[in-house]
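S.K.: following is a predicted model, sequence given first.
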Amino acid sequence: MTCPKCGCKECQIINEVTTTGKDFSVGKGCCGYILLGPLGVLCGACGKGKRTVNRAYWVCSQCGNKFRV
């Protein structure tokens, strides 16, 4: 892969990971346990909406330019 900025052919690929959303809600889990018993603990996972996005980029080892193909 060649860098579009400087033309160097020594580029490396990197992976960036971003996460958005919430994890398990302890408050909802406890409330669910009080109201519904052990099955109510599952309510803590309701609507969590956690999302992970992976993006691959090339990085030039000479100029540091980060680009996608």
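M.R.: Done, it's in.
S.K.: and the lowest-mean-pLDDT helix or strand in the chain, what does it pack against?
M.R.: One helix or strand of the chain scores below all others by mean pLDDT, DSSP states H and E: helix 26-36, with a mean of 75. With contacts defined as 3 or more Cβ pairs under 8 Å, 6 or more residues apart in numbering; DSSP states H and E, helix 26-36 has no helix or strand neighbours. (Glycine included, C-beta is placed from N, CA and C.)
S.K.: can you point out the buried residues in it?
M.R.: K28, G29, G32, Y33 (16 or more other Cβ atoms under 10 Å).
S.K.: as a markdown table, those with distance to C11 would be great.
M.R.: Converted to a markdown table, the buried residues of helix 26-36 look like this (distance: Cβ to Cβ, whole Å):
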| residue | distance to C11 |
| --- | --- |
| K28 | 46 |
| G29 | 46 |
| G32 | 50 |
| Y33 | 52 |
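S.K.: poorly predicted segments of this structure, please.
M.R.: For the chain, applying pLDDT under 70 flags the ranges 22-25, 41-49.
S.K.: just the terminal-to-terminal distance for stretch 40-54.
M.R.: This stretch, stretch 40-54, spans 33 Å end to end (Cα to Cα, to the nearest Å).
S.K.: any idea how far the spatially closest residue to S61 that is not a sequence neighbour lies from L36?
M.R.: Distance criterion Cβ to Cβ, 6 or more residues apart in numbering; nearest residue to S61, sequence neighbours excluded, is E10 at 4.6 Å. Per Cβ to Cβ, to the nearest Å, E10 is found 59 Å from L36.
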